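Novice: Next comes the sequence, and after it the predicted model I'd like to discuss.
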Amino acid sequence: PGYFVNPVPGARRTRGITKAHNGVDLAAPKGTPILAAASGTVVIARNGYNGGFGNYVVIQHPNGTKTLYAHMSKLGTTPGAQVSQGEMIGRVGNTGRSRGDHAHVEVLGGKNPL
């Protein structure tokens, strides 16, 4: 197994990484739990439009990477929280600049998305 686990088990990947889209979209019904892909510290948990991300969470991981989870219907954590791999951090939604219920997930390492 790798460092990260699937943050939305059972979801269907509907969009991948391109020059204009730095993450993957995982389609699932509204309210489906979104799980922390790895343990770490929540550095952002914010409601609102947020540049199109909608309600979103960012987690800093001990290996130096961050994960971003966007378009949540509901946040399930707060800034500063320590989260474990597989812990619920929010729920799938359609907030921000989004077309349909899904989780947008990015892995950020250094200056460039992975």
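Specialist: Looks like it came in fine.

Novice: only C-alpha atoms for contact and neighbour calcs from this point on.
Specialist: Noted.

Novice: Leaving out chain neighbours, which residue sits closest to the most centrally placed residue in the chain?
Specialist: Nearest residue to the geometric centre of the chain (Cα atoms, centre = their mean): Y69, 1.5 Å. Spatial nearest neighbour of Y69, excluding adjacent residues (Cα to Cα, 6 or more residues apart in numbering): V105 at 4.7 Å.

Novice: Can you give me every residue that contacts that neighbour?
Specialist: G23, V24, D25, L26, T67, L68, Y69, A70 (Cα atoms under 8 Å, 6 or more residues apart in numbering).

Novice: Of these, which is the most crowded?
Specialist: A70 (32 neighbours; other Cα atoms under 10 Å).

Novice: hang on, the earlier thing: pretty sure the residue nearest to the centre of the chain sits against G54.
Specialist: No - Y69 is beyond contact range of G54, at 9.8 Å (criterion: Cα atoms under 8 Å).

Novice: Just the ones of the contacts of V105 in strands?
Specialist: Counted as lying in strands by DSSP state E, out of the contacts of V105, are V24, D25, L26, T67, L68, Y69, A70.

Novice: mean confidence score for the helix or strand harbouring the residue nearest to Y69?
Specialist: Assessed by DSSP states H and E, V105 sits inside strand 102-109. Mean pLDDT, strand 102-109: 92.

Novice: And stretch 10-21, by the same measure?
Specialist: Mean predicted lDDT for stretch 10-21 stands at 71.
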